[in-house]
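[1] Here is my input; please provide its structure:
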Amino acid sequence: MLNIAFRIGALIVGTSLLLVGIVGIFVPILQGFLLIALGLSVLSMASERVAAFVERQKTRAQGAWGRRVGQRE
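    Here you go, the predicted structure:
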């Protein structure tokens, strides 16, 4: 029962952070990208699809960062 309650809570909190982050992109007071990242990290604890998406983006960003650093040398 605790697992289901945690998952529902994580889905609600993660979705709320994600939506506030999207609004925060357009409102200068809120940190939109930070809230989106937090929302995705919370959602990745509750959803395997979101966790796979986050992992794909991390490997993609590491590859791009490695290419960028290699150009500087």
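[2] Look up how far residue 3 lies from residue 11.
    Going from residue 11 to residue 3 by Cβ to Cβ, to the nearest Å gives 13 Å. Every residue, glycine included, has its C-beta placed from N, CA and C.
[3] And these two? Which one has more around it.
    Neighbours per residue (other Cβ atoms under 10 Å) separate residue 11 from residue 3, with residue 11 holding more: 16 against 7.
[4] Which residue is the nearest non-sequential neighbour of residue 6?
    Leaving out its chain neighbours, the residue that sits closest to residue 6 by Cβ to Cβ, 6 or more residues apart in numbering is residue 46, at 7.6 Å.
[5] just residue 25 next, same as before
    In space, and not counting its chain neighbours, residue 25 is closest to residue 32: 3.7 Å by Cβ to Cβ, 6+ apart.
[6] One more: residue 40?
    Setting aside the residues directly before and after it, residue 40 is nearest to residue 54 in space (Cβ to Cβ, 6+ apart), at 5.7 Å.
[7] That neighbour in helix, strand or coil?
    Reducing the assignment to helix, strand or coil with DSSP: H, G, I helix; E, B strand; the rest coil, the entry for residue 54 is helix.
[8] contacting residues around it?
    In this structure, residue 54 makes contact with 40-41, 44, judged by Cβ atoms under 8 Å, 6 or more residues apart in numbering.
[9] hmm, back to that, from what I can see the residue nearest to residue 6 touches residue 12, true?
    No. Between residue 46 and residue 12 there is no contact, the gap being 9.4 Å when judged by Cβ atoms under 8 Å.
[10] more crowded one of the two?
    Counted by other Cβ under 10 Å, residue 46 and residue 12 do not tie: residue 46 has more neighbours, with 18 against 12.
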